[in-house]
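> everything below, folded, please.
(one chain, ligands or ions: 1)
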Amino acid sequence: MPADINKKAFDEKTLLKLDIFRECFREWFPVFLNNIFIERIYIMDMFAGSGTDPERNLGSPLILLDEVRGPESSFCSTAKERGRDIRFWFNEAEPSKAKELNMNVDSFIGRCEQNCNLHGCYFADKVKITSDKFGVIFNSEEFINIASNKKYGKFLVLDQYGFKQVGEDVFEKLIEFPAMDFIFFISSSTIRRFKEHESVKRHINSSRIEFDVDNPKLSHRQIADHYRSLVPQDKEYYIHHFSILKGPNRYGLIFGTGHTYGMEKFLNVCWRKDEYAGESDELINNDWGKNTLFAGVEPPQKKRIVKEDIQQQILRGRITDNKTGLKYALQRGCLGDVYVEAVKELLSNRKISIEGTFNRKRTSIHSIKDQDVYKIRVSK
Ligand SMILES: C[S@@+](CC[C@H](N)C(=O)[O-])C[C@H]1O[C@@H](n2cnc3c(N)ncnc32)[C@H](O)[C@@H]1O
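Reported below is the predicted structural model:
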């Protein structure tokens, strides 16, 4: 049995994980709040814990409630004015923890109402708390109906202990649900260490994962690559990861979305946390560290490698327009600036020419207008 995470003060690495959940949701929520095509929003935390640690640091469900308010409760006002249908579903299998979570949610909302001039909390009656095993919920009619409804925007947090709850079978279903972005936690070092163990193989086909024996830093990336490989070739889907070193072990987060904007948002969070590679809390590519003589002299290896890869894809005729190139950068864990740099360099070396008008549009890929899409011609 793992030690109860809510019984001891959250350590630095748990706080980092929670901070990534927070920032990820902070990026996600306003997009869905303002999307008129989304009839209902579900914010779901299926391994919710009890809500706080003994020092009253907020756990994931209370972080979600905290963030949904927006700056100076502006999101509460917007949601109320527009009558937005927003529902929370928090689940915690341990009944005593679920009970504690209930009390913590009530007192969180009570405290919030005291400092609010909106006359009653808009979200107070919108929080459902259950105490079931995740597997039971995931296969329930209720969950499947919510998850499969394309008019419902869904944000799903799966902060499991270990790795068993989000195995390949769960992942393969998650990526098929429309308008659902998810983020899950996974103990990568455990999978690496017990790769050949039946208890691992039952959930993840770990013998297919090529761990680099000399470089444990890459464990979480390799596990994320394995999940990425499960996405059907013809499906447009985006997966990114963030690795967290805790003691000698690596853990990490894996985020999935069917939408370029969702991935741009998550990559923003990751690159804010790791300016070298956008994927780890350690120098995963052994770039020069901050505060060294050479800091900032060389561009991060990750951006250089992805830029060169994009250039190769262009020269081989696999990327033939800017929209495809920008999406490719996202698939490689980089934002659109890397694609724009790659094209600028090829243009100045006269290796390509542009049919249409070159532009530096690099964000909101989904809304790039047809007139801003240009073709790339490789020079003879
Ligand atoms: C890592 S903790 C979650 C911590 C929480 N996110 C927070 O920020 O405080 C995992 C939680 O999942 C609960 N749990 C374990 N197995 C579960 C299952 N099969 N279904 C749902 N919850 C489960 C545990 O009791 C524990 O509280």
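> for the longest helix along the chain, name the packing helices and strands.
Criterion DSSP state H: the longest helix present in the chain is helix 12-33. If you count contacts as 3 or more C-beta pairs under 8 Å, 6 or more residues apart in numbering; DSSP states H and E, helix 12-33 packs onto strand 40-45, helix 60-68, helix 74-82, strand 152-158, strand 180-186, strand 238-246, strand 249-257, helix 260-273. (Glycine included, C-beta is placed from N, CA and C.)
> ok, now with 7 Å
Contacts defined by 3 or more C-beta pairs under 7 Å, 6 or more residues apart in numbering; DSSP states H and E place helix 12-33 against helix 60-68, helix 74-82, strand 152-158, strand 180-186, strand 238-246, strand 249-257, helix 260-273.
> per-residue confidence for the closest residue to the ligand within the stretch 51-200 of the chain?
Per C-beta to the nearest ligand atom, residue 59 is where the stretch 51-200 of the chain lies closest to the ligand, at 2.7 Å. Here, the pLDDT recorded for residue 59 equals 98.
> can you name the residues that contact it?
Applying C-beta atoms under 7 Å, 6 or more residues apart in numbering, we find residue 59 in contact with 6, 49-53.
> what sits against the nearest residue to it once chain neighbours are set aside?
Leaving aside its chain neighbours, residue 59 sits nearest to residue 49 (4.7 Å; criterion: C-beta to C-beta, 6 or more residues apart in numbering). Neighbouring residues of residue 49 by C-beta under 7 Å, 6+ apart: 5-6, 59-60, 92, 97.
> so what's the residue count around the residue nearest to residue 116 when sequence neighbours are not counted?
Of all residues not flanking residue 116 in the chain, residue 73 sits nearest, at 6.0 Å (C-beta to C-beta, 6+ apart). Residue 73 sits with 19 neighbouring residues when counted by other C-beta atoms under 10 Å.
> right, and residue 73 touches residue 119 too?
No - the pair residue 73 and residue 119 fails to qualify as a contact (C-beta atoms under 7 Å) at a distance of 11.9 Å.
> distance of residue 312 from residue 352?
Distance, residue 312 to residue 352, using C-beta to C-beta, to the nearest Å: 12 Å.
> looking at those two, which one has more neighbours?
For residue 312 versus residue 352, neighbours defined as other C-beta under 10 Å are more numerous around residue 352 (17 against 12).
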